[in-house]
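Peer 1: predicted model and sequence follow; I will ask about them next.
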Amino acid sequence: MGKAARDVSARERIKAQRELERKQEQRRRLATIITVVVVALVAVGGGWWYVQSGKSETLSGQLAPITVQSDGTIVMAKPGVEKPVLDVYEDFQCPACKMFEETSSATVKNMAAAGQVKVQYHPINIFTMEPTSSNSMRASAAARCVPGGSQWMAFHDKLFKQQPPEDKQGFALDDLVKWGKDAGVTDPGFEACVKSQKHVQAQTQYSQTASKMAPKGTPTLRLNGTELDNKVAFTPASLRQAILDAAK
């Protein structure tokens, strides 16, 4: 085997090892999240403590305005609300992110609508092997085709609901177009934008930069720059209190 071939083989082994380590970390994070939920269910026979601390909120009404920034960050906040700031780093292919959406997203949306927090969403791509890598990129690039507003959030939520298994190819372009239209996207260029994957390069660059703030993977929540523990992020009452405390 020549030197060039050995170098390629070594790089491939390193890449495979890094992907294995990333998946192991993802499983550990998911296991921690599941443990938090199970403990909440078991505590006091699944009674008062769980009702108060673990139960997901119900959406209270309309969302705060949602705008797409020039770099690809999505901001949800009422006019004039600048702090506290909650940064949410997520991957549409990430199972733990889907669990966060099902558990705590209503709390985030309700508090933004009440003017209690400025939320900044950072869709990033943490997967490096197939089919998850391509799944993640198709979804995040398609989300960039939505100009903003409640339609962006509806599309965002739909992507998590339709998240494919990690070992299956998903987020097909035709499906992404359909889900966007179901979410109320009326931009005439939306379908062409999705099918051409127009924003892949911009999304790749954005993800490389934003991922530095989520070195342990997704979901990562930062409140005024400080990373929140999973036990806080996945417990709606604790997340609400942390945001209220950060505003003091």
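Peer 2: Looks like it arrived, so ask away.
Peer 1: what's the burial count for Glu101?
Peer 2: With neighbours defined by other CB atoms under 10 Å, the count for Glu101 comes to 22. Where you see a C-beta, it was placed from the backbone N, CA and C, and this is true even at glycine.
Peer 1: Asp167 now?
Peer 2: 8.
Peer 1: confirm for me that it is in contact with Pro131.
Peer 2: Yes - with contact defined as CB atoms under 8 Å, Asp167 reaches Pro131; the gap is 7.3 Å.
Peer 1: what do these two both touch?
Peer 2: With contacts defined as CB atoms under 8 Å, 6 or more residues apart in numbering, no residue is adjacent to both Asp167 and Pro131.
Peer 1: report the helix or strand with the lowest average pLDDT across the protein.
Peer 2: For the chain, scoring each helix and strand by mean pLDDT, DSSP states H and E identifies helix 48-53 as the least confident one, at a mean of 39.
Peer 1: list the buried ones in the following helix or strand past that helix?
Peer 2: Secondary structure here is assigned by DSSP states H and E; on that basis, the next helix or strand after helix 48-53 toward the C-terminus is strand 66-68. Within strand 66-68, the residues scored as buried using 16 or more other CB atoms under 10 Å are Ile66, Val68.
Peer 1: return the distance of strand 66-68 from the chain's centre.
Peer 2: Taking CA atoms, centre = their mean, to the nearest Å, the mean C-alpha location of strand 66-68 is offset from the chain mean by 15 Å.
Peer 1: repeat that for stretch 139-154.
Peer 2: The offset between the C-alpha centroid of stretch 139-154 and the centroid of the whole chain comes to 13 Å, using CA atoms, centre = their mean.
Peer 1: so how far is the first residue of that stretch from its last?
Peer 2: Its start and end residues considered, stretch 139-154 measures 13 Å (CA to CA, to the nearest Å).
Peer 1: could you check it and say which residues are buried?
Peer 2: Ala139, Ser140, Ala141, Ala142, Ala143, Arg144, Cys145, Val146, Gln151, Trp152, Met153, Ala154.
Peer 1: what would those look like in TSV with pLDDT, secondary structure and distance to Ile124?
Peer 2: Output for the buried residues of stretch 139-154, formatted as TSV (pLDDT from 0 to 100; DSSP: H, G, I helix; E, B strand; the rest coil; distance: CB to CB, whole Å):
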residue	pLDDT	secondary structure	distance to Ile124
Ala139	98	helix	11
Ser140	98	helix	7
Ala141	98	helix	12
Ala142	98	helix	15
Ala143	98	helix	11
Arg144	98	coil	12
Cys145	98	coil	17
Val146	97	coil	17
Gln151	97	helix	21
Trp152	98	helix	16
Met153	98	helix	18
Ala154	98	helix	21
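Peer 1: how far away is the residue most central in space within the chain from Leu221?
Peer 2: Ranked by distance to the mean C-alpha position of the chain (CA atoms, centre = their mean), the top residue is Glu90 at 2.4 Å. Computed as CB to CB, to the nearest Å, the Glu90 to Leu221 distance reads 9 Å.
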